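Participant: My questions concern the predicted model and sequence given below.
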Amino acid sequence: MSRHAITPREPEKYLCWVGYDRGADSYFIYVSRHMKTDERQKIIGENDGHCVYHAGTTPGEIDSVETLATMLAPYADLPAKMFQTLRDDRLRESASSVKAVAPANKEVEARGRNYVRQGES
């Protein structure tokens with residue numbers, strides 16, 4: 001998964017992140033309010049820090065950077081250089097694979113974590 005901070009239209013009010021989630025095979029957007037605290041780190045304001053917009057959580061929900069930019073538009077403009085960065089993230093995430101140990105102890109290419117039977121190393 002990749003994650004990049006984006007400067008919001010109202011930086012005093014919001015924080016924005018975008019990225020690519022291989023598990024959901026989707027780009028994602030996360031926008032939250034700033035969390036304000038006092039000198040004792042007590043949160044000031046009942047809605048501070050809360051998520052106000054989150055998209056890209058279901059498989060294939062945001063399938064292109066252009067769609068992501070359109071959905072992000074009410075909160076931030078996606079910088080031109082971020083279009084290619086996100087495309088590269090998707091290519092890198094999609095191409096990454098790890099060796100896994102199959103039940104017959106043959107190595108196979110698999111997406112995800114290393115799988116080894118218990119007791120083996």
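Facilitator: Alright, I've got the coordinates.
Participant: so what does the lengthiest helix in the chain touch, helix or strand wise?
Facilitator: Criterion DSSP state H: the longest helix present in the chain is helix 80-95. The helices and strands touching helix 80-95, judged by 3 or more CB pairs under 8 Å, 6 or more residues apart in numbering; DSSP states H and E, are strand 4-6, strand 14-21, helix 65-72. From N, CA and C alone the C-beta is placed, and that goes for glycine too.
Participant: Now with 6 Å, please.
Facilitator: strand 14-21, helix 65-72 (3 or more CB pairs under 6 Å, 6 or more residues apart in numbering; DSSP states H and E).
Participant: most neighbours per residue, which of those?
Facilitator: Mean neighbours per residue, mean count of other CB atoms under 10 Å, is largest over the helices and strands packed on helix 80-95 for strand 14-21, with a mean of 22.
Participant: average pLDDT across whatever helix or strand comes next after that strand?
Facilitator: With elements assigned by DSSP states H and E, the helix or strand that comes after strand 14-21 is strand 26-33. Strand 26-33 shows a mean pLDDT of 95.
Participant: roughly how far apart are the residue nearest the centre of the chain and residue 85?
Facilitator: The structure's the chain has its C-alpha centroid closest to residue 19; by CA atoms, centre = their mean the separation is 3.9 Å. Computed as CB to CB, to the nearest Å, the residue 19 to residue 85 distance reads 10 Å.
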